[in-house]
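1. Would you be able to build a 3D model of this:
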Amino acid sequence: MRNSEALAGKVVSALSQYLSHQAKTGGSAFRQDLEMVRGEVEIILSDPFHAEAFARFLDHPGDATEMATLRLYLARALEKNPAGYDRLEASLGGSMHTGRNKRRRGFLIAATVVGLVVAVGLGYLLARTTGTDSASPSSAPPVVPPANTVQTTVQPITSGSEESTTPSFPSSSATASAAPGDGSAISKGTPVFLTELPRPSSSGWEYEHGDHDVQLTPYPNSLWHGLNTCGSNASKEQQFRLKNFDHLEVKAAGTDSTSDPGLGVKFEVFANDNEVNPLSSVVAGPGETKTVSVDLPANTFSLTLKASLTTVDKSKCRTVNAVWGAPYVVAAGS
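-> This is a model prediction of the structure:
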C-alpha cells in the first residue's frame, strides 16, 4: 500500500544527510545509489514551480524549512504519480540495501583487522616466554598480516524515518464529483478544498490560489491577496458557491514570509448574503498564525472569506499578503 508522506519523508531525510555530508567532505562522499534517488526526485518534480523548490533544497539541504517544503511538495506529487512512486521507492530501497551491505563489509573488515592484531600480540608473547638467553633460532617468528589488508571506516548514510514537522492535510476527492460544490454528491465527511469549489462566475477569482506559506510554513491549496496601508486595498473578499457542507476548517491564517512583519490581519467568514455578522472572526497579529474552525448553517449556499488590515496608515505604505492556509469544507453527505 502506497504511503506518499512516509516515502517523501524518508527520501528527503536521506538526501539531506547525504548532501550535507557531501558538502562537508568537499564532494568526495559520492554515493551512486543516492544520486539515483536524487535523479528520480528531479524527474518527479520537473515542473518549474517544484523544480525551483528542489533547487533551493539542494542549495541548503540541512535547512529545516526547505526540508519541510520539499517533503510536502514531493508527497503531493507522488500521490498523482504512481509510476514515479514505484521508481522512487525502488531507488530508495536499493540505497538502503547498499547501506546495509556496506555496514556489514565494514564490520567484517574491522573484525579481521582486530583478529590479526590479537594474533600478532599472542605470537609476540609466545616468543618471549619460549625464548632462551642464547637467542635460540627456535624462537617463534611473529605473525605478519597480509600486505593488502586495509582497515576501512564505513560512514553509511542512513535513511531512517525522521519525525516530520510538516502539517498534515486532507486528501480531497471533490474533483471526482460530477456536481462540484454539492456535498451530497460525495461521501459524508469528505474534505473539499475551497480552491475546488465554484465561484460566482467563471472569472470569479479575486484571491490568488495555490501553494503558499504562512509564517514560513508551506500550505497547499491556499488563498491569499496583497493588502496595503496606503491605498484603497486594505481589505479583500473571495466568495464561493456550495451546498450540503457542514463545516469549514482553515489550517492557518496569517501573513507570509514577504509581508511587513509589523502588521496584523483580521480574517472573517460570512455565510450567504450576510456581510455584517460573521460566522467566524479571528485576528492574526504580527508574526502570529491562527486557525479557523466553524460549523456551517444547514442552509448555507455561499461562503465569503474577507481579510482586512488592522492598521491603516496612508502616510506610510506598508504591504502584506493575507493568507488562508489550506482552507477546506467537509461534506454533509446526502
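
2. what bits of the stretch 201-334 of the chain have low per-residue confidence?
-> Along the stretch 201-334 of the chain, the model assigns pLDDT under 70 to residues 202-203.

3. Where do the strands of it begin and end?
-> Ranges of strands in the stretch 201-334 of the chain, per DSSP state E, counting those that start in this stretch, are 208-214, 217-228, 235-241, 245-255, 265-271, 280-284, 290-295, 302-309, 319-331.

4. Parallel or antiparallel, list what pairs with the third one.
-> Think strand 235-241. Here strand 235-241 is paired, per DSSP bridges, with strand 302-309 (antiparallel).

5. gap between the partner strand and the chain center?
-> How far strand 302-309 lies from its chain's middle: 28 Å, per C-alpha atoms, centre = their mean, to the nearest Å.

6. Repeat that for stretch 201-211.
-> With C-alpha atoms, centre = their mean, you get 25 Å for stretch 201-211.

7. and that stretch, C-alpha only, in PDB?
-> Listed next in PDB are the C-alpha coordinates belonging to stretch 201-211 (Å, rounded to 0.1, in the frame of the first residue of the first chain):
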ATOM      1  CA  SER A 201     -18.700  33.300 -12.300                       C
ATOM      2  CA  SER A 202     -16.000  31.600 -14.400                       C
ATOM      3  CA  SER A 203     -13.700  34.600 -13.800                       C
ATOM      4  CA  GLY A 204     -14.600  34.800 -10.200                       C
ATOM      5  CA  TRP A 205     -11.100  34.700  -8.700                       C
ATOM      6  CA  GLU A 206     -10.400  37.700  -6.500                       C
ATOM      7  CA  TYR A 207      -7.700  35.900  -4.500                       C
ATOM      8  CA  GLU A 208      -4.500  34.200  -5.700                       C
ATOM      9  CA  HIS A 209      -4.600  30.500  -5.100                       C
ATOM     10  CA  GLY A 210      -2.200  27.600  -4.900                       C
ATOM     11  CA  ASP A 211       0.700  26.600  -2.600                       C
END
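
8. what's in contact with it?
-> For stretch 201-211, contacts defined as C-beta atoms under 8 Å, 6 or more residues apart in numbering pick out 49, 72-73, 195, 198-199, 218-225, 236-239, 305, 324. For every residue, glycine as well, the C-beta is placed using N, CA and C.

9. Nearest residue to the middle of the protein?
-> Taking C-alpha atoms, centre = their mean, the centroid of the chain lies closest to residue 71, which sits 2.4 Å from it.

10. Just say helix, strand or coil for that one.
-> Under DSSP: H, G, I helix; E, B strand; the rest coil, residue 71 falls in the helix class.

11. quick one: it and residue 236, what's the gap?
-> The gap separating residue 71 from residue 236 is 31 Å, by C-beta to C-beta, to the nearest Å.

12. now residue 38: how far from residue 44?
-> From residue 38 to residue 44 the distance is 11 Å (C-beta to C-beta).

13. same deal with residue 310?
-> 41 Å.

14. of these two, who's got more company?
-> A direct count of neighbours by other C-beta atoms under 10 Å for residue 310 and residue 44 places residue 44 higher, at 23 against 13.

15. how about the helices of the chain, start to end?
-> 4-24, 32-44, 48-59, 64-79, 82-130 (DSSP state H).

16. Mean pLDDT lowest where, among these?
-> With a mean of 58, helix 82-130 has the lowest mean pLDDT of the helices of the chain.

17. still on that earlier bit, how much space between the residue nearest to the centre of the chain and residue 267?
-> 27 Å.

18. I figured residue 300 was touching residue 248, is that so?
-> No - contact between residue 300 and residue 248 fails when scored by C-beta atoms under 8 Å: they sit 9.2 Å apart.

19. how many neighbours does residue 87 have?
-> Neighbour count of residue 87, defined by other C-beta under 10 Å: 17.

20. hmm, I was thinking of residue 212
-> Around residue 212 there are 20 residues (other C-beta under 10 Å).

21. count of neighbours near the closest residue in space to residue 219 that isn't next to it in sequence?
-> Closest residue to residue 219 apart from its sequence neighbours, by C-beta to C-beta, 6 or more residues apart in numbering: residue 325 at 3.5 Å. The local packing of residue 325 (other C-beta under 10 Å) involves 29 other residues.

22. so what's residue 325 up against?
-> 212, 214, 217, 219, 222, 250, 251, 252, 253, 254, 289.

23. who wins for neighbours among those residues?
-> That'd be residue 214 among the contacts of residue 325, by other C-beta under 10 Å, with 29 neighbours.

24. Confirm for me that it is in contact with residue 323.
-> Yes - Residue 214 is within contact range of residue 323, at 4.9 Å (criterion: C-beta under 8 Å).

25. where do the contact lists of these two overlap?
-> 222, 252, 253, 254, 255, 256.

26. show me the contacts for residue 230.
-> Applying C-beta under 8 Å, 6+ apart, the residues near residue 230 are 313, 314, 315, 316, 317, 318.

27. Sort out which of the residues you listed are buried, if you could.
-> residue 318 (16 or more other C-beta atoms under 10 Å).

28. Tell me the one among the contacts of residue 230 nearest to residue 333.
-> residue 318 (45.0 Å; C-beta to C-beta).

29. what sits opposite the residue nearest to residue 235 when sequence neighbours are not counted in the beta ladder?
-> Among residues not flanking residue 235 along the chain, residue 308 sits closest, at 3.7 Å (C-beta to C-beta, 6+ apart). Applying DSSP bridges to residue 308 gives these bridge partners: residue 235, residue 266.
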